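K.L.:
Quick one: sequence and predicted model below, then my questions.
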Amino acid sequence: MENPTIQIRYEGDLHTVATHLQSSTTLATDGPTDNHGRGESFSPTDLVATGLGACMLSIMGIVANRHGWDLTQATAAVKKVMAADPVRRIARIEVELRIPGDFDRKARTALERAAMGCPVHATLGENVEMPVSFIWD
């Protein structure tokens with residue numbers, strides 16, 4: 001493979017260390033406790049769910065920056081639900097986006113549309129249920 005983005009090394013005992021090659025930032029994973037791991041770090045499926053929430057906030061941030069809106073205290077709470085039948089997989093990722101500040105209806109619509117258009121959401125598509133709630137504080 002030419003020009004990989006991420007390098008991942010298996011450390012044993014279901015642990016990996018991933019390195020983002022552009023920044024040299026690393027993160028560790030462990031298997032989940034319900035699938036032979038010790039839950040000592042994010043599991044690979046946790047990272048998928050994390051990616052969805054982070055992507056939604058990031059794409060909302062792009063729109064907010066374009067309009068001069070402040071989203072610095074916005075948060076995403078994410079719940080991953082696994083299924084075992086017919087194969088082990090992520091069945092559902094619930095996302096609750098909490099956005100503080102005074103946003104009018106037009107701004108809220110633009111930010112909600114941005115969140116729902118994030119690339120991770122589009123990639124998971126019909127394969128995973130992804131209910132999203134927006135809480136405007």
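P.N.:
Structure received.
K.L.:
so where do the strands sit in this structure?
P.N.:
6-12, 15-20, 25-29, 75-83, 89-99, 132-136 (DSSP state E).
K.L.:
Minimum distance to Leu52: which of those strands has it?
P.N.:
strand 89-99 (5.4 Å; CB to CB). Just so you know, the C-beta spots here come from the backbone N, C-alpha and C atoms, and that holds for glycine as well.
K.L.:
rewinding a little: determine which of the strands of the chain approaches Asn35 most closely.
P.N.:
strand 75-83 (8.3 Å).
K.L.:
For stretch 10-23, output the C-alpha coordinates as CSV.
P.N.:
Listed next in CSV are the C-alpha coordinates belonging to stretch 10-23 (Å, rounded to 0.1, in the frame of the first residue of the first chain):
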residue,chain,number,x,y,z
TYR,A,10,-0.8,-5.8,17.5
GLU,A,11,0.7,-5.9,21.0
GLY,A,12,-0.9,-9.2,22.2
ASP,A,13,-3.7,-10.0,24.5
LEU,A,14,-6.2,-8.2,22.2
HIS,A,15,-4.3,-4.9,22.5
THR,A,16,-3.3,-2.7,19.5
VAL,A,17,-1.5,0.6,19.2
ALA,A,18,-2.5,2.8,16.2
THR,A,19,-0.4,5.7,15.0
HIS,A,20,-1.8,8.5,12.9
LEU,A,21,1.2,8.9,10.6
GLN,A,22,0.8,12.6,9.7
SER,A,23,0.8,13.7,13.4
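K.L.:
Buried residues of that stretch, list them for me.
P.N.:
Buried residues in stretch 10-23, counted by 16 or more other CB atoms under 10 Å: Leu14, His15, Thr16, Ala18.
K.L.:
For Thr5, state which of the residues you listed is nearest.
P.N.:
Among those, and counting by CB to CB, the member closest to Thr5 is Ala18, at 10.2 Å.
K.L.:
just for this structure, where's the confidence low?
P.N.:
When residues are selected by pLDDT under 70, none of them lie in the chain.
K.L.:
Domain boundaries for it, per the record?
P.N.:
6-35, 44-136 (automatic domain parsing).
K.L.:
Tell me which of these sits most buried.
P.N.:
Comparing the domains of the chain on average neighbours per residue, with mean count of other CB atoms under 10 Å, the densest one is domain 44-136 at a mean of 15.
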